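S.K.: give me a model of this one.
(one chain, ligands or ions: 1)
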Amino acid sequence: MHEEVSSLRSEFISRALATQNHDELEALRIEFLGRNGRFTALLKSLKDIEPDKRRQMGELLNQTKKILEETLATQEKETTQKEEKKFDDTIPGIQPPIGHLHLVTQAIDEISRVFMDIGFVRRRYPEIETDFYAFEGLNMPSTHAARDEWETFFVEPNFLLTPHTSNGQVREMERGALPIRMINISKTYRRQSDISHVPMFHQFEGLVVDQNIHITHLKGTLDYFAKNFFGESRKTRLRPYNFRFTEPSFEIDITCGVCNGTGKLPSGNSCKLCKAGWLELGGAGMVHPNVLKAGKIDPTKYSGFAFGWGVERTYMMKSGIQIPDIRMLYSTDLRFLRQF
Ligand code: PHE
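M.R.: Next up is the predicted model:
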């Protein structure tokens with residue numbers, strides 16, 4: 001009988017472990033431990049055993065019963081877990097979506113790289129700024145009409161949202177580390193909103209201050225940028241303009257990439273993208289002596305140039321990406337943003 005018990009036990013255990021669900025396990029339980037079960041039959045036959053062997057046999061059967069019941073209980077747990085998970089490891093996993101940098105971040109990276117290659121250092125200055133750095137220190141006293149051009153948001157009477165990155169000029173000079181070769185890229189804010197303007201946009205501002213800095217250095221830097229950012233064949237020109245913080249001041253134009261600066265298309269029609277071969281990029285000029293003074297730099301010893309352009313606009317011009325409404329750039333519509 002000993003052998004019968006142990007072979008029943010091992011059969012039960014191996015079959016229990018092979019069950020896949022509750023029904024199979026329950027069928028097994030009934031087959032062995034049910035009222036007419038095979039193990040139950042052994043228990044029932046105990047009474048027919050000779051009295052002196054009965055006790056020993058009884059103990060063995062009790063121990064075995066315990067083992068069978070424990071096996072049932074653990075297998076029960078396992079199948080429950082399996083059924084809950086219903087994990088099919090042949091199904092391909094869910095790929096986490098991989099995004100990419102926002103178009104404007106890509107633009108900032110590219111612009112920074114061009115200037116960093118020629119020794120400019122990337123800087124950022126406050127977006128909430130005092131009147132002094134945004135205007136007063138840039139040779140625009142509080143009553144000056146030129147301020148109107150910057151359509152400024154005021155936070156408190158003396159605090160405003162930077163309407164241009166030129167606020168970084170005097171701040172950079174105040175650090176007292178000459179010579180200066182900085183590229184300040186930051187958010188800028190103006191009270192404007194239409195298909196070609198957003199209230200928050202970005203500018204990049206170059207500032208160079210050293211001894212003997214001339215317009216030729218400005219022109220050379222701009223040409224370098226035009227070639228390296230837009231393409232080998234692109235040229236710039238300076239057009240006289242007026243800013244309070246530069247003297248002389250210019251607007252910078254670049255040759256049009258569509259008509260190659262001719263203003264004419266191969267068909268003979270005039271180019272619709274530009275004005276007679278030129279596209280407007282942004283402002284620049286030689287740093288005004290009053291601005292150097294505001295930055296505690298002696299204008300009799302040092303001179304410099306500065307330029308400040310819009311990141312979005314510059315990037316659109318390069319990539320040829322036409323965005324019907326520039327405000328879409330700052331929407332959260334992934335269908336739009338994923339394109340770039
Ligand atoms: N700050 C000027 C603007 O926002 C651009 C500029 C920067 C002009 C530096 C001259 C020198 O339009």
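
S.K.: single out the residue in the stretch 151-300 of the chain that lies closest to the ligand.
M.R.: residue 283 (2.9 Å; Cβ to the nearest ligand atom). Bear in mind the C-beta positions are built from the backbone N, C-alpha and C, glycine included.

S.K.: residue contacts, that residue?
M.R.: 241, 243, 246, 249, 250, 251, 252, 307, 308, 309 (Cβ atoms under 8 Å, 6 or more residues apart in numbering).

S.K.: quick one: the helix or strand containing it to chain centroid distance?
M.R.: Secondary structure assigned from DSSP states H and E places residue 283 in strand 278-287. Strand 278-287 sits 30 Å away from the centroid of its parent chain (Cα atoms, centre = their mean, to the nearest Å).

S.K.: cool, stretch 34-44 as well?
M.R.: The answer for stretch 34-44 is 69 Å, by Cα atoms, centre = their mean.

S.K.: quick check: mean pLDDT across that stretch?
M.R.: Averaged across stretch 34-44, the pLDDT comes to 92.

S.K.: can you list the buried residues in it?
M.R.: Using 16 or more other Cβ atoms under 10 Å as the burial criterion, the residues of stretch 34-44 that qualify are 37, 39, 40, 42, 43.

S.K.: please apply the same query to stretch 181-191.
M.R.: 181, 182, 183, 184, 185, 186, 188, 189, 190.

S.K.: and the fourth one, that's in a helix?
M.R.: Right, the one you point to is residue 184. No: assigned with DSSP: H, G, I helix; E, B strand; the rest coil, residue 184 falls outside any helix and is strand.

S.K.: hmm, back to that, near the ligand, from the contacts of residue 283?
M.R.: When contact is defined as Cβ under 6 Å from any ligand atom, these meet the ligand at 243, 246, 307, 308.

S.K.: now the last one: closest residue in space that isn't a chain neighbour?
M.R.: Once its chain neighbours are removed from consideration, residue 308 has its nearest residue in residue 205; the separation is 4.3 Å (Cβ to Cβ, 6 or more residues apart in numbering).

S.K.: what is the neighbour count of that neighbour?
M.R.: 26 (other Cβ atoms under 10 Å).

S.K.: and the strand holding residue 283, average pLDDT?
M.R.: Summarised as a single mean, pLDDT over strand 278-287 is 94.

S.K.: how about stretch 193-207?
M.R.: Per-residue scores along stretch 193-207 average to 93.

S.K.: give the buried residues for that stretch.
M.R.: Buried, per 16+ other Cβ under 10 Å, within stretch 193-207: 197, 198, 201, 202, 203, 204, 205, 206, 207.

S.K.: tell me the contacts of whichever residue of the stretch 1-150 of the chain sits closest to the ligand?
M.R.: Closest contact between the stretch 1-150 of the chain and the ligand, by Cβ to the nearest ligand atom, is at residue 150 (7.0 Å). Going by Cβ under 8 Å, 6+ apart, residue 150 touches 134, 135, 163, 164, 190.

S.K.: kindly export the helix or strand containing residue 241 (C-alpha atoms) in PDB.
M.R.: Following DSSP H and E, one finds residue 241 within strand 236-243. The C-alpha trace of strand 236-243 is given here as PDB (Å, rounded to 0.1, in the frame of the first residue of the first chain):
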ATOM      1  CA  THR A 236      24.000  90.200 -47.000                       C
ATOM      2  CA  ARG A 237      23.700  94.000 -47.400                       C
ATOM      3  CA  LEU A 238      23.400  96.700 -44.900                       C
ATOM      4  CA  ARG A 239      20.600  99.300 -45.300                       C
ATOM      5  CA  PRO A 240      20.700 102.500 -43.300                       C
ATOM      6  CA  TYR A 241      18.200 102.500 -40.500                       C
ATOM      7  CA  ASN A 242      17.800 104.000 -37.000                       C
ATOM      8  CA  PHE A 243      18.000 102.400 -33.600                       C
END
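
S.K.: immediately after that strand, which helix or strand?
M.R.: With secondary structure assigned by DSSP H and E, strand 236-243 is succeeded by strand 246-255.

S.K.: same question for that next one, mean pLDDT?
M.R.: pLDDT averaged over strand 246-255 gives 96.

S.K.: gap between it and the chain center?
M.R.: Here strand 246-255 is found 33 Å from its chain centre; the criterion is Cα atoms, centre = their mean.

S.K.: now swap in stretch 285-300 and tell me
M.R.: The answer for stretch 285-300 is 38 Å, by Cα atoms, centre = their mean.

S.K.: and what of stretch 42-50?
M.R.: Chain-centre distance of stretch 42-50: 78 Å, with Cα atoms, centre = their mean.

S.K.: and if you look at stretch 265-274?
M.R.: For stretch 265-274 - counting by Cα atoms, centre = their mean - the centre lies 38 Å from the chain centre.

S.K.: can you check stretch 249-258 too?
M.R.: Mean-position distance between stretch 249-258 and its chain equals 31 Å (Cα atoms, centre = their mean).

S.K.: again, but for stretch 166-174
M.R.: The answer for stretch 166-174 is 28 Å, by Cα atoms, centre = their mean.

S.K.: put the alpha carbons of that stretch into PDB.
M.R.: In PDB, the C-alpha atoms belonging to stretch 166-174 read as follows (Å, rounded to 0.1, in the frame of the first residue of the first chain):
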ATOM      1  CA  SER A 166      18.900  93.700 -26.500                       C
ATOM      2  CA  ASN A 167      18.300  93.800 -22.800                       C
ATOM      3  CA  GLY A 168      21.200  91.400 -22.600                       C
ATOM      4  CA  GLN A 169      23.700  94.000 -24.000                       C
ATOM      5  CA  VAL A 170      24.200  96.100 -20.900                       C
ATOM      6  CA  ARG A 171      23.900  93.000 -18.600                       C
ATOM      7  CA  GLU A 172      26.700  91.300 -20.500                       C
ATOM      8  CA  MET A 173      28.900  94.400 -20.400                       C
ATOM      9  CA  GLU A 174      28.300  94.700 -16.600                       C
END
